[in-house]
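# Show me the folded form of this:
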Amino acid sequence: MTQSAVRAPSEVSCRRPWFTGKERAAESGNDYFGARYYSSTMGRFMSPDWSAQVEPVPYAKLDDPQSLNLYAYVRNNPLVGIDVDGHDGNGDQDWMQKNHPDLAAANSQASWVFSGSIDWGQVDAAKAVQQQNQVQTLVNAQNAAMSNPNYAPNTPTAGTTHCNQGTNNIADATGMNTTGILSDSHGNALPANTQISNLANPDNGYHAVSSTQAQQLANSGTLVFGTQVHDPHGHIVTVRPEGLPGDNPRGRSGPLLANIGVLNGVAHQSAVFTPVHGAIVYYAPNQ
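Below is the predicted model of the structure:
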């Protein structure tokens, strides 16, 4: 099948980039891919795929039935690929895996069947799945650390606590590489004040955020650290996502924290940090 080149929309008729960064013609509402137009409302190209040389089914692979549909977008699997120029055979079938591996992973876990164009509502669902997994991983790591007897105080009211070890364990369990920041090259937790100093160093990939931002990030599954430098031992915790069943936090104000100290458990900032001891600073990873 051959076809003459598709006329591009005039500059006046084009709106801002839409589907996969392509321009949308104001008159038709279709997106211009170069070789042909794509209709986002119909979920298909407006004309069949074509090639310069005569071929019965251009760019088809006989072992892939989806490639026989000359009107489909990236073989009806738009969450793993992207059409570059309107010729499906020239599309990058691994685009999503290379550029958005988190969404590709979420898509592989979900059992969605797509027909036609990408449904951005489904992409939002994929993000939600990935975010939910992040939150659950963070919560599991915090639960394990808060219940670990190795991090418990020596006595019910006082003694040596191991917030630095618990925090390092949480970071490891969430897959974050904090060697040289929270631990040494052998995986041993650094002293809390040293950990806090390393987080404050912008060269280490972290930045200070407000208490409100800290809670918002934790709610989305991001590991955020709450810190307070104090002699001889500072205190470091991780921010806890809100609204978890079974959590009955102590205190009334400030972000929720997965505290490892004299009293292990979930607590608000007001029940963990004493302002008289110094500034309370939250650190989040650079995005």
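
# quick one, strands of the stretch 101-250 of the chain?
For the stretch 101-250 of the chain, the strands defined by DSSP state E, counting those that start in this stretch cover 206-209, 225-228, 235-239.

# and of those strands, who's closest to Tyr71?
Nearest to Tyr71 among the strands of the stretch 101-250 of the chain is strand 206-209; the distance by Cβ to Cβ comes to 47.4 Å. Where C-beta positions appear, they are placed from N, C-alpha and C, glycine not excepted.

# before we move on, the earlier item: I'd like the strands of the stretch 101-250 of the chain as a markdown table, with mean pLDDT and distance to Phe273 appended.
A markdown table is the format used below for the strands of the stretch 101-250 of the chain (pLDDT from 0 to 100; distance: least, Cβ to Cβ, whole Å):
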| stretch | mean pLDDT | distance to Phe273 |
| --- | --- | --- |
| strand 206-209 | 96 | 15 |
| strand 225-228 | 97 | 5 |
| strand 235-239 | 97 | 7 |
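
# Ranking those strands by mean neighbour count, which comes first?
Stretch with highest mean neighbour count among these: strand 235-239 (a mean of 27; mean count of other Cβ atoms under 10 Å).

# before we move on, the earlier item: any chance of the strands of the stretch 101-250 of the chain in TSV, plus distance to Gln131?
Formatted as TSV, the strands of the stretch 101-250 of the chain follow (distance: least, Cβ to Cβ, whole Å):
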stretch	distance to Gln131
strand 206-209	18
strand 225-228	20
strand 235-239	15
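
# do you know which of these lies nearest Gln269?
Closest approach to Gln269 among these (Cβ to Cβ): strand 225-228, 6.9 Å.

# Skipping its backbone neighbours, what lies nearest Thr137 in space?
Of all residues not flanking Thr137 in the chain, Thr174 sits nearest, at 5.5 Å (Cβ to Cβ, 6 or more residues apart in numbering).

# Just the pLDDT for the one you found.
Looking at Thr174, its pLDDT reads 93.

# Quick check: it vs Val209, distance?
Per Cβ to Cβ, to the nearest Å, Thr174 is found 17 Å from Val209.

# Same question for Ala279.
Ala279 is 14 Å from Val209, where distance means Cβ to Cβ.
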